[in-house]
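**Q** Sequence and computational prediction follow.
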Amino acid sequence: MKNQLESTEETPNLNEKGYRFQLTDYYKKRIQEIHIEMEIKAEVFASKFRFFFIGFLVFVALLSRLGGRPVEELYYQLGGISFLLGFNIFVFFLLKKSSKEGIYYPKIKFFASFFEMTTLTGLLWYFVISSQNPTHVYSGAMSFIYFIFMSLASIRNRRSVIYFAGGIAILQYLGLMFYFYGDIKPILDNMVEYTDIIAPLLSAKGEVFKIVSIAPVSFILKAFYMAMTGFLIVYSISNANETSRKQSELIFNTEKKAILEENLRLGMELDVARQLQAMVLPNAQELKDCKDLEVAALMEAATEVGGDYYDVYPMANGSTYFAIGDVTGHGLQSGVIMMMTQCSFRSSIERGGQSLSEILNNINSVLFGNIQGRMKDSRNLTLSLFQYKEGKIYLTGQHEDFLIKRQNEPESEIIETMDLGIYIGLTDDIKSMVSEKEIEFNVGDVFLGYTDGVTEAENSKKEYYGHDRMKKKFEEIAHLPSAQIVSGLYEDLRLFIGETEVFDDISYIVVKRKS
């Protein structure tokens, strides 16, 4: 609805911008934020676990030294542990920074997993070399440590990281087994040769006991165990993620349906509110019937429909009553209050014999009783009434400041309304708070009223259109006919706003004395 003559009735479009309950990217953004938060949390836990594991390695190294191992072996072990400690301190502080800034670097997962496995492999290699005991590589205890680090990779909750860590573990551990196979084979061969000596001690009478070398089978079995461990971890995580995803989709779809239903209801409500605004606006003939005056007005309802109201009521005695106001809030309730205002204003004028202040007080009494008593609502409105009569304008009520441009003056005057009343609907009696102002209105003078949807309109940079810009434009075009003044002001406002969505009604009323 762009002016008082236009009113459309359409089926609400749920995809149209402007409905208050929009399906935005909020959920995607929140899910991403939660994802980053949990990624950081998992990596912080891994970092703390590495500190614990480093302490355990230091403890084992010291025990080995106390048990008689060479001091050089301790140095080798502490050197490797120190390298792991330095890396872990760096990652830990990087994660603290990520937690504060809400930024996570996914490559940390892969780098940390690679470093964990490689450091473990390096420590194990040093341990075997320094102890000159290759059997440590083939013991189950050492392979279990690799399983621990594969499990540590699993808390990072990414299949790619788990596959990566599992692949590194298998390659490096099998690499160690092959590397030291030449050292372990003579030991195994010697054990096979001692079968006849050991068999009587370990087997019952009549049983056959034989020691065999299973080193090749050990390669296969341990690789298989690691691969299966990684697979089961990935399956467990995938299943948990799938369950969480389905639960999230169920919640999201339920809320989506509720929002769509609310959009439909709200769209119908806004259409009713737009129609109410259009129904009570003065028609073109009423504007033409204003004696001695050239009157033009425009109202553009916002997407959410505010409560802008203006009225023009020409009288048989040659005077004309005007009203302009703005109900707080948006939607159907604001539209109903605006319609009650119009009915009360018209009925008060038609009864006759009342001053502007008395009419304003009557309107306030009706609205206060309906809004506070029946609607149980807290809305109110700014409202100014003015009357043209015999070359003068009489003004009452608090609203936005008015502008008047004298024919022979370069600048317009600001007519303040702050002291002429208070918001309508706040209290039951405003007689003592209402006053009137008398303004000379000569031929060629122009009087401008507007609502805050004009001055508070924003562009894409979040800048307000503002009172000063409107005043300057008004002074530039005040010599034009009233209709052109209104269109000129509106075009300048629209040029400023651009493609930015408007969330409050835009209204102008221009009164120019022509004779």
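**A** That came in fine, so what should we check first?

**Q** Please make it C-alpha for all contacts and neighbour counts, starting now.
**A** Noted.

**Q** Could you list the buried residues of stretch 285-302?
**A** Within stretch 285-302, the residues that qualify as buried are 287, 289-302, counting by 16 or more other CA atoms under 10 Å.

**Q** actually stretch 467-476, not the one I wrote
**A** Those would be 470, 471, 474, 475, for stretch 467-476 by 16+ other CA under 10 Å.

**Q** What of stretch 460-467?
**A** Buried-residue list, stretch 460-467, by 16+ other CA under 10 Å: 464, 465.

**Q** repeat for stretch 42-59
**A** 42, 43, 44, 46, 47, 50, 51, 54, 57, 58.

**Q** Got phi/psi on the fourth one?
**A** Main-chain torsions, residue 46, degrees, to the nearest 10: phi -60, psi -40.

**Q** what's near enough to touch residue 510?
**A** Going by CA atoms under 8 Å, 6 or more residues apart in numbering, residue 510 touches 295, 296, 297, 446, 447, 448, 449, 482, 483, 485, 486.

**Q** centre of the chain versus the helix or strand hosting it, how much separation?
**A** Element membership for residue 510 (DSSP states H and E) is strand 506-513. Chain-centre distance of strand 506-513: 39 Å, with CA atoms, centre = their mean, to the nearest Å.

**Q** With stretch 399-416 instead?
**A** Worked out by CA atoms, centre = their mean, stretch 399-416 lies 42 Å from the chain centre.

**Q** pretty sure residue 445 contacts residue 512?
**A** Yes. In this structure, residue 445 is within contact of residue 512 by CA atoms under 8 Å, at 5.9 Å.

**Q** the more surrounded of the two?
**A** The residue with more neighbours, out of residue 445 and residue 512, is residue 512; 27 against 20, by other CA atoms under 10 Å.

**Q** thinking that one is in contact with residue 294, fair?
**A** Yes. Between residue 512 and residue 294 there is a contact under CA under 8 Å: 5.0 Å.

**Q** Between those two, which contacts overlap?
**A** Common neighbours of residue 512 and residue 294 (CA under 8 Å, 6+ apart) are 481, 482.

**Q** Now residue 469: which helix or strand?
**A** Following DSSP H and E, one finds residue 469 within helix 467-477.

**Q** which strands and helices sit next to the helix or strand harbouring residue 120?
**A** Element membership for residue 120 (DSSP H and E) is helix 107-131. Where contact means 3 or more CA pairs under 8 Å, 6 or more residues apart in numbering; DSSP states H and E, helix 107-131 is packed against helix 71-101, helix 135-138, helix 140-154, helix 159-179.

**Q** 10 Å instead, please
**A** Helix 107-131 sits against helix 26-66, helix 71-101, helix 135-138, helix 140-154, helix 159-179, with contacts defined as 3 or more CA pairs under 10 Å, 6 or more residues apart in numbering; DSSP states H and E.

**Q** between those, which gets nearest to residue 316?
**A** helix 26-66 (58.0 Å; CA to CA).

**Q** who does the closest one touch, helix- and strand-wise?
**A** Where contact means 3+ CA pairs under 10 Å, 6+ apart, helix 26-66 is packed against helix 71-101, helix 107-131, helix 140-154.

**Q** quick one: that helix to helix 107-131, angle?
**A** Helix 26-66 runs at 10 degrees relative to helix 107-131, counting by axes from the mean of the first three to the mean of the last three CA atoms, to 10 degrees.

**Q** for the record, mean pLDDT for helix 26-66?
**A** Helix 26-66 comes out with an average pLDDT of 74.

**Q** now the angle from that helix to helix 71-101?
**A** 160 degrees.

**Q** Now do helix 26-66: distance to the chain's middle.
**A** Its chain's C-alpha centre and that of helix 26-66 lie 30 Å apart, by CA atoms, centre = their mean.

**Q** try stretch 498-515
**A** Worked out by CA atoms, centre = their mean, stretch 498-515 lies 32 Å from the chain centre.

**Q** gap between the two ends of that stretch?
**A** 38 Å (CA to CA, to the nearest Å).

**Q** quick one: buried residues of that stretch?
**A** Under 16+ other CA under 10 Å, the buried positions of stretch 498-515 are 502, 503, 504, 505, 506, 507, 508, 509, 510, 511, 512, 513.

**Q** my read: the fourth one touches residue 300, true?
**A** Yes. The pair residue 505 and residue 300 qualifies as a contact (CA atoms under 10 Å) at a distance of 5.7 Å.

**Q** Tell me, how many residues neighbour the nearest residue to residue 412 once chain neighbours are set aside?
**A** With CA to CA, 6 or more residues apart in numbering as the criterion, residue 412 has its nearest non-adjacent residue at 4.3 Å, and that residue is residue 405. Number of residues near residue 405 (other CA under 10 Å) recorded here: 23.

**Q** One more: residue 88?
**A** Counted with other CA under 10 Å, the burial measure for residue 88 works out to 22 neighbours.

**Q** contacting residues for it?
**A** Contact criterion CA atoms under 10 Å, 6 or more residues apart in numbering gives 46, 47, 48, 49, 50, 51, 54, 82, 94, 112, 115, 116 as the residues in contact with residue 88.

**Q** same thing but 8 Å
**A** With contacts defined as CA under 8 Å, 6+ apart, residue 88 is in contact with 47, 50, 51.
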